[in-house]
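Asker: show me how the following folds:
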Amino acid sequence: METPDILLEDDALVALDKPAGMAAAECGRLLPAPVRPGAALALVHRVDAEASGAALFARDREALGYVSGQFQSKTAETVLIALCVVDPASPPPPEFSVELAMGEDRAAPGRMRAFGRRGGEPAATRFRVLESFGRYAWIECRPLSGRRHQVRVHLAAQKAPVLGDALYGDPQSVLLLSSLKRRYKGRDEERPLVRRLALHLALLRFNHPRSRLPAEVASPVPADLGLALKYLRKFGGGL
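Answerer: The predicted structure is shown next:
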């Protein structure tokens with residue numbers, strides 16, 4: 001298995017560009033020994049295994065406590081981007097917020113659910129539509145709390161589930177070039193442009209545990225999402 005790219009490395013922290021489908025803990029174990037001498041790395045924030053993007057690890061207890069405390073107190077900033085499936089007749093507004101309590105769905109182990117007036121833990125996310133393509137939208141997501149699957153649940157509640165989200169969206173929804181490009185050839189051998197959860201953790205902002213100064217970790221848009229955006233920009237969101 002290929003070692004993830006290192007986005008940041010110093011005596012306190014290591015940040016990796018985690019591929020989609022890999023748990024963060026597994027991602028950290030793939031690092032070569034010189035990067036993590038003498039101790040296991042500890043993840044300091046929540047990141048879905050199904051998503052791609054920045055995964056930040058601490059090298060020692062001091063760094064772990066200082067940085068993870070910022071995520072718990074909401075003074076650190078997390079920015080994700082998602083390619084979402086929307087209804088062209090009622091697209092999401094340019095900017096919107098979702099405040100829905102969340103908790104485990106007891107009827108479906110491993111799944112979370114949104115609650116109404118009672119139950120769950122408070123959760124809030126701010127969203128901004130970066131680009132619209134008819135049936136699809138490229139959306140920036142800023143969670144203000146750190147619940148499991150929070151962005152995915154809140155987008156689904158807004159009727160804009162993340163493409164490829166089998167838990168909270170339509171598992172049969174796929175983005176095909178043939179659905180965008182007229183007179184497309186090779187339909188019988190066609191594969192989806194994105195074959196995973198189209199959610200990417202693009203940016204983390206926090207204060208560094210050693211200098212106490214602002215720091216950030218940025219993860220570039222991965223190749224598959226970049227290719228999907230290229231075709232959406234060229235051909236639009238569907239025929």
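Asker: give me the three-state assignment for F71.
Answerer: Per DSSP: H, G, I helix; E, B strand; the rest coil, the secondary structure class of F71 is helix.
Asker: any figure for the gap between D60 and D10?
Answerer: Going from D60 to D10 by Cβ to Cβ, to the nearest Å gives 12 Å. Every residue, glycine included, has its C-beta placed from N, CA and C.
Asker: helices along the chain, start to end?
Answerer: With helices called from DSSP state H, the chain shows them at 24-29, 61-72, 150-157, 223-235.
Asker: what's the most buried one of those helices?
Answerer: Compared across the helices of the chain, helix 150-157 shows the largest average neighbour count, a mean of 24 (mean count of other Cβ atoms under 10 Å).
Asker: packing partners of the helix-or-strand element of the chain with minimal mean pLDDT?
Answerer: Least confident helix or strand, the chain: helix 24-29 with a mean of 82, by mean pLDDT, DSSP states H and E. Taking 3 or more Cβ pairs under 8 Å, 6 or more residues apart in numbering; DSSP states H and E as contact, the helices and strands that helix 24-29 lies on are strand 13-18, strand 42-43, strand 52-58.
Asker: and those: which comes nearest F235?
Answerer: Taking Cβ to Cβ as the measure, the helices and strands packed on helix 24-29 were each checked against F235, and strand 52-58 came out nearest at 23.9 Å.
Asker: could you check the angle helix 61-72 makes with the closest one?
Answerer: Between strand 52-58 and helix 61-72, the angle comes out at 130 degrees (axes from the mean of the first three to the mean of the last three Cα atoms, to 10 degrees).
Asker: pairing partners for strand 52-58, with directions?
Answerer: In the sheet containing strand 52-58, its partner strands are strand 13-18 (antiparallel), strand 42-43 (antiparallel), strand 199-207 (parallel), by DSSP bridges.
Asker: next, format the helices of the chain as TSV and append distance to A82.
Answerer: Compiled in TSV, these are given as follows (distance: least, Cβ to Cβ, whole Å):
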stretch	distance to A82
helix 24-29	18
helix 61-72	20
helix 150-157	7
helix 223-235	9
